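Asker: Prediction below, plus the sequence it came from.
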Amino acid sequence: MTTIDLTPFCDRRPYNGGRIRTHESYVIGGYRYATDTKILARVKCDEADTPPPDKGQYLPADAVIKETWFPLIEAKTLPIIKPIIMEPCNQCAGSGYIVACPECDGEGELRCDLGHDHECEDCNGSGRDARSTVASGKTPVICGKCDGAGNDDDLSETVIDSNRFYNRYLLKIIALKLVFDETPVCIVQGNMLLWQAGSVQGVIMANN
């Protein structure tokens, strides 16, 4: 059984206390799953089920993927997509964190007495305290511009059977060809793209 790290299919941001935990993979019913709620990947494994987390819950991915979907019948190869060059976020310099402006608490805006939002003059709307660094002892917070990702999401899309899918997700699947030396295949069902690359199967939700 081929061992594959599914971390690239997890949420890039750390767990933020929300209802669904998407920053780590987990095992249910003989499959290891990874998802950021937009893309989901799974691979067979012989590990025990992952214990329920203390806070939040794992997406019941075993209910999202139906066993009757795989293996894919009459599937086609994924379209060729040019690699995306991601630029570091210009607010946090790619770290995913900033030291928040003490005046606006990192929001970049302040609300006046009339209820209108105005750009914070102390940080010029950046939300970052330019007069201090993480080394100053102040508590860093997740960058509000990139949501802790360290770069801005690429929003380019590819249309497959009248459905729009983010290229950044399709490229994750195409990258698996280097692992399995097999061309990934896919088929559209409703507003989902069912895909398979070697022993890894998954789903991408359309942007329609």
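Answerer: Thanks, I have the structure now. Residues are numbered from 1 along each chain as shown.

Asker: Does the lengthiest helix in the chain pack against any helices or strands, and if so which?
Answerer: Looking across the chain with DSSP state H, the single longest helix is helix 167-175. Under the contact definition 3 or more CB pairs under 8 Å, 6 or more residues apart in numbering; DSSP states H and E, helix 167-175 sits against strand 39-44, strand 157-160, strand 200-205. To be clear about C-beta, it is placed using only N, CA and C from the backbone, and glycine gets the same treatment.

Asker: distance between it and the chain's centre?
Answerer: 12 Å (CA atoms, centre = their mean, to the nearest Å).

Asker: And the contacts of the helix or strand following it?
Answerer: As assigned by DSSP states H and E, the chain's next helix or strand after helix 167-175 is helix 177-180. Where contact means CB atoms under 8 Å, 6 or more residues apart in numbering, the residues beyond helix 177-180 that reach it are Thr2, Ile4, Thr183, Pro184, Ala197, Gly198, Ser199, Val200.

Asker: Tell me the first helix or strand C-terminal of helix 177-180.
Answerer: strand 185-189.

Asker: Point to the helix or strand of the chain where mean pLDDT is at its lowest.
Answerer: Lowest on mean pLDDT, DSSP states H and E among the helices and strands of the chain sits strand 140-142, with a mean of 64.

Asker: Show me how the protein divides into domains.
Answerer: Per automatic domain parsing, the structural domains of the chain span 7-81+154-205, 85-152.

Asker: Which of the ones you listed has the lowest mean pLDDT?
Answerer: Lowest mean pLDDT within those: domain 85-152, a mean of 71.

Asker: quick one, what contacts the closest residue to Pro60 other than its chain neighbours?
Answerer: Leaving aside its chain neighbours, Pro60 sits nearest to Ile28 (7.8 Å; criterion: CB to CB, 6 or more residues apart in numbering). Each residue near Ile28 by CB under 8 Å, 6+ apart is listed here: Asp49, Thr50, Tyr58, Pro60, Ala61, Asp62.

Asker: which among the residues you listed gets closest to Arg128?
Answerer: Nearest to Arg128, judged by CB to CB, of the contacts of Ile28 is Tyr58 at 33.6 Å.

Asker: hang on, isn't that closest one packed against His23?
Answerer: No - using CB atoms under 8 Å, Tyr58 is not in contact with His23, being 10.7 Å away.

Asker: So for these two, which sits in the more crowded spot?
Answerer: Tyr58 (20 against 15; other CB atoms under 10 Å).

Asker: The closest residue to the more buried one other than its chain neighbours - how many residues pack around it?
Answerer: Leaving aside its sequence neighbours, Tyr58 sits nearest to Tyr26 (CB to CB, 6+ apart; 4.8 Å). Using other CB under 10 Å, the number of residues around Tyr26 comes to 22.
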